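Student: Based on what follows, work out the 3D shape:
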Amino acid sequence: MKNALQTKNQNKKLEIINQVPEELLWINNFNSKRSRQTYQIATKKFIDFFKIKTAEELRTITHAHIIAFKNHLQESEQSPKTINNRLSALSSLFNHLIEHQVVFINPVQSVKRMRINSNRVEAKVLSPRQARRMINAPDLLKGQGIRDRAILGTLFFTGCRVSELCKLKVKDYYEEQGFWILDFVTKGGKRNRLAVNQELQVFLNAYLEQSGHNDEKDSPLILPIKMNPNLNQVRFISSRQVQLLWKRYAEKNQIQGTTPHSARATFITQALENNCPLDTVQKSVGHSQIKTTQMYDKRVAKYRESASFAVRY
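Tutor: This next block holds a predicted model:
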């Protein structure tokens, strides 16, 4: 009787799996939550643009549809990087459908991608004075201000990605061999342990003392200010919340055209400006290729060496 019941349950599960569209299996196959979100957004934009309502309609997409979508993104003034990301997501989806013999061609494959300057990261670099104004901007008489200073300090003094900051747990901030460490989870689930300077230690220690969750080792290191009382679990701060926080303090200091990623670009540029070896900076920010670190290099010296200053008429 027991074996018959188990067999029945297994057959029921197989029926459910067989009913799941290949598109859903494709998106759930990505290990990274961020990748799943990015690709979901891309496919949703595409589906909304053509008002696709069924999986069968999606599978009749042609080369012309992809070009029309690309043109729409260009007319909407999307960045070349965003357009290429959208196309890459669609290409990945159609490759999956081909592998499972749902469609026979990938209509994205022959569509030309947008040109991107691969030698330079576009994130704007702040001057040391601007960075200091941002770090000093939070009101330390308020708990939120103490937390915000810890967030801004972590971004500027470690050069971490916003997603890495948001994933930090209390146990990821610890002392080892006389140094205080932040142990980040980077792209692909890798770990990047970085010794932090004394000023950031002061910021983080002050925040943990004020928040009172220093002993909750599995708790998020940085907590959202507004918590949902109906939820029993503690939530991690979101990338969106960090972006809004950054925007608020940037506007307060009249610093335009920047994003939280500017702190990463500023960290790398300042480290190189102060003669930190390139390979050391590469390891500190968790780049797998040294060329990627070089793309962030916007040292003032490069502008001073411009040939335009050598010209005389």
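Student: Please count neighbours and contacts with C-alpha atoms only from this point.
Tutor: Will do.
Student: Which positions within the helix or strand containing I47 qualify as buried?
Tutor: Following DSSP states H and E, one finds I47 within helix 33-50. The neighbour-count check on helix 33-50 (16 or more other Cα atoms under 10 Å) flags R36, Y39, Q40, A42, T43, F46 as buried.
Student: how distant is that helix from the center of its chain?
Tutor: Centroid separation between helix 33-50 and its chain, computed with Cα atoms, centre = their mean, to the nearest Å, is 16 Å.
Student: Name the nearest of the buried residues of helix 33-50 relative to Q210.
Tutor: Distance to Q210 across these (Cα to Cα) is lowest for R36, with 35.3 Å.
Student: That closest one touches L25, doesn't it?
Tutor: No - at 11.3 Å, R36 and L25 do not qualify as touching, with contact defined as Cα atoms under 8 Å.
Student: what helices or strands is the helix holding I47 leaning on?
Tutor: helix 22-28, helix 80-99 (3 or more Cα pairs under 8 Å, 6 or more residues apart in numbering; DSSP states H and E).
Student: can you count the residues close to K252?
Tutor: By the other Cα atoms under 10 Å criterion, the neighbourhood of K252 contains 12 residues.
Student: which ones are touching it?
Tutor: Counting by Cα atoms under 8 Å, 6 or more residues apart in numbering, K252 touches A137.
Student: what's the spacing between it and A137?
Tutor: 8 Å (Cα to Cα, to the nearest Å).
Student: before we move on, what about T266?
Tutor: With Cα to Cα as the criterion, T266 and A137 are 17 Å apart.
Student: how about the strands in this structure?
Tutor: 173-176, 179-185, 191-195 (DSSP state E).
Student: Tell me the buried residues in the longest one?
Tutor: What it means is strand 179-185. W180, I181, L182, D183, F184, V185.
Student: What of stretch 252-265?
Tutor: In stretch 252-265, counting by 16+ other Cα under 10 Å, buried: T258, T259, P260, H261, S262, A263, R264, A265.
Student: What's opposite W180 in the beta bridge?
Tutor: E175 (DSSP bridges).
Student: Does it touch Y174 like I think?
Tutor: Yes - using Cα under 8 Å, W180 is in contact with Y174, at 5.6 Å.
Student: Kindly state which of the strands of the chain is positioned closest to K81.
Tutor: Between K81 and the strands of the chain, the shortest gap by Cα to Cα is with strand 179-185, which sits at 24.2 Å.
Student: what sits up against that closest one?
Tutor: Contacts of strand 179-185 (Cα under 8 Å, 6+ apart): 164-165, 167-168, 172-175, 191-197, 201.
Student: Now do the nearest residue to K53 once chain neighbours are set aside against V102, distance only.
Tutor: In space, and not counting its chain neighbours, K53 is closest to I47: 7.8 Å by Cα to Cα, 6 or more residues apart in numbering. Going from I47 to V102 by Cα to Cα gives 18 Å.
Student: Now for N106: which residues touch it?
Tutor: N106 touches S91, F94, N95, I98, counting by Cα under 8 Å, 6+ apart.
Student: mind running it again at 7 Å?
Tutor: S91, F94, N95 (Cα atoms under 7 Å, 6 or more residues apart in numbering).
Student: And the pLDDT for it?
Tutor: pLDDT, N106: 92.
Student: Equivalent analysis for N71, please.
Tutor: For N71, the pLDDT comes out at 92.
Student: give me the number of residues near it?
Tutor: So N71, with other Cα under 10 Å, has 13 neighbours.
Student: what does F157 give?
Tutor: 18.
Student: how close does it sit to L208?
Tutor: With Cα to Cα as the criterion, F157 and L208 are 18 Å apart.
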